[in-house]
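A.B. asks: I'll drop the sequence and a predicted model, then ask my questions.
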Amino acid sequence: MDIKGKAAIVTGGGTGIGAAIAERLCSAGVRVMIAGRREHRLESTTESIRKKNLEISYRPTDLRDAKACIALVQSTIDVYGSVDILVNNAGVLCLGRTIEDYSADDWDQTFAVNLRAAFLLCTAVLPVMKSKKNGFILMISSDSGIHYFPDEVIYGLTKHGMNDLVQYILAEYKQYNIHSVALCPGLTATEMGLSLNPAHRENVLEAETIADWAVWVITQPDKINVAKPILISPMYDPGIN
Ligand SMILES: NC(=O)c1ccc[n+]([C@@H]2O[C@H](COP(=O)([O-])OP(=O)(O)OC[C@H]3O[C@@H](n4cnc5c(N)ncnc54)[C@H](OP(=O)(O)O)[C@@H]3O)[C@@H](O)[C@H]2O)c1
C-alpha cells in the first residue's frame with residue numbers, strides 16, 4: 001500500500017510496540033489515531049511525535065467496552081475522514097498457570113482485549129475499507145500464536161485466534177484489495193516484555209524493530225499477499241524456535 005496521507009488507528013499506541021509503530025507510520029506520512037486506557041501515556045507519545053511536525057491524535061479508550069471500540073473508529077473518521085490502516089496491537093498478558101488453574105474471568109478479561117476488541121474494530125473498519133477497495137489490517141500477535149507454550153493457554157489462544165482472524169479477513173475481503181497480516185514477535189523490550197523472565201532480557205527484540213517490520217509489510221505492493229503469520233524471534237531465545 002502507498003501509505004502517504006492515509007489514516008490509521010493503532011491500539012495500545014501510547015506505549016511499547018504500538019508507540020513505535022505509530023511513530024514509524026507518522027514518519028511515513030500517515031495520520032495516526034492512537035488509543036489506550038492511560039491518557040498520560042497517549043498524551044506523551046502524541047506530544048513527542050507532534051514535535052517532529054507529524055500528524056497524530058489520541059483517544060482514551062478501554063477496548064473491553066464494545067461501544068468504545070466502535071466510537072474509536074467513528075472518531076478517527078471524524079478527525080481524518082477515513083480509516084485505511086488498522087493496527088490491532090493492544091494486548092494483555094495472562095500467564096503462569098496450568099490449564100486447570102485459570103478462571104472464567106481470566107478468559108473473559110484477556111479475550112476482551114486481545115481478540116474481541118480486535119474483531120470489533122475489524123467489523124467497524126471493514127465496510128469503510130471495502131467501499132474504498134483498499135485497506136490494511138495488521139495484527140500484533142505473538143510467538144505464542146505460533147507455538148503452544150505451557151502455562152499460557154489463554155494468552156496463547158487469543159494470539160492463535162488473531163492469526164486465524166487474519167485468514168478469515170483474507171478469505172472474505174481479499175477481493176476488495178484489503179490486506180491483513182499477523183506479525184508474531186518473540187520477547188520484546190517493552191513494559192510487557194520486561195515484566196517477564198528477567199533472565200531473557202539480554203536477548204530481547206526492540207519495539208522499533210517490530211515497527212520497522214510493520215511498516216515494511218504494510219507498504220508491500222497491493223499485488224502481494226503475505227499469506228502466513230510472520231514470526232520474528234530473538235536469534236538466541238533460550239529453548240524455543
Ligand atoms: N513485549 C513482548 O515481549 C511481546 C511479545 C509478543 C507479542 N507482544 C504483543 O505486543 C502487543 C503490544 O505489547 P507491548 O509489548 O508493546 O507492551 P505494552 O507496552 O504493555 O503495550 C500494551 C498496550 O495495550 C494497551 N491496552 C491494554 N489493555 C487495554 C485496554 N483494555 N484498552 C485499551 N488498551 C489496552 C496498553 O495501554 P493501557 O494500559 O494504557 O490501556 C498498552 O499501550 C501486545 O498485543 C502483546 O501481546 C508483545
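C.D. replies: Yep, that arrived.
A.B. asks: For burial, what's the neighbour tally of residue 112?
C.D. replies: 18 (other CB atoms under 10 Å). Placement of C-beta: from N, CA and C, glycine included.
A.B. asks: Likewise for residue 206?
C.D. replies: If we define neighbours as other CB under 10 Å, then residue 206 has 14 of them.
A.B. asks: list the helices and strands the lowest-mean-pLDDT helix or strand in the chain packs on?
C.D. replies: Least confident helix or strand of the chain, by mean pLDDT, DSSP states H and E, is helix 191-194 with a mean of 90. Under the contact criterion of 3 or more CB pairs under 8 Å, 6 or more residues apart in numbering; DSSP states H and E, helix 191-194 touches helix 16-27.
A.B. asks: Restrict the helix it packs on to CA atoms and write it as CSV.
C.D. replies: Extracted C-alpha coordinates of helix 16-27, given in CSV (Å, rounded to 0.1, in the frame of the first residue of the first chain):
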residue,chain,number,x,y,z
GLY,A,16,5.9,-0.1,23.6
ILE,A,17,5.4,-1.6,20.2
GLY,A,18,2.3,0.4,19.5
ALA,A,19,4.0,3.7,20.1
ALA,A,20,6.9,2.7,17.9
ILE,A,21,4.5,1.7,15.1
ALA,A,22,2.7,5.0,15.5
GLU,A,23,5.9,6.9,15.2
ARG,A,24,7.1,5.0,12.1
LEU,A,25,3.7,5.3,10.4
CYS,A,26,3.6,9.1,11.1
SER,A,27,7.2,9.5,9.8
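A.B. asks: so after that helix, what's the next helix or strand?
C.D. replies: As assigned by DSSP states H and E, the chain's next helix or strand after helix 16-27 is strand 31-36.
A.B. asks: quick check, distance from that following strand to the centre of its chain.
C.D. replies: Strand 31-36 sits 11 Å away from the centroid of its parent chain (CA atoms, centre = their mean, to the nearest Å).
A.B. asks: what's the average pLDDT for it?
C.D. replies: The pLDDT scores in strand 31-36 average 99.
A.B. asks: Could you list the buried residues of the helix or strand that it is followed by?
C.D. replies: Counting by DSSP H and E, the next helix or strand C-terminal to strand 31-36 is helix 39-50. Buried residues in helix 39-50, counted by 16 or more other CB atoms under 10 Å: 41-42, 45-46, 49.
A.B. asks: excluding its backbone neighbours, what's nearest residue 153?
C.D. replies: Of all residues not flanking residue 153 in the chain, residue 99 sits nearest, at 5.2 Å (CB to CB, 6 or more residues apart in numbering).
A.B. asks: hang on, isn't that neighbour packed against residue 152?
C.D. replies: No - counting by CB atoms under 8 Å, residue 99 stays clear of residue 152, with 10.1 Å between them.
A.B. asks: quick one: which of the two has more around it?
C.D. replies: residue 152 (22 against 9).
A.B. asks: measure the more buried one to the ligand for me?
C.D. replies: In this view, residue 152 and the ligand are 11 Å apart by CB to the nearest ligand atom, to the nearest Å.
A.B. asks: same check, this time on residue 123
C.D. replies: Using CB to the nearest ligand atom, residue 123 is found at 17 Å from the ligand.
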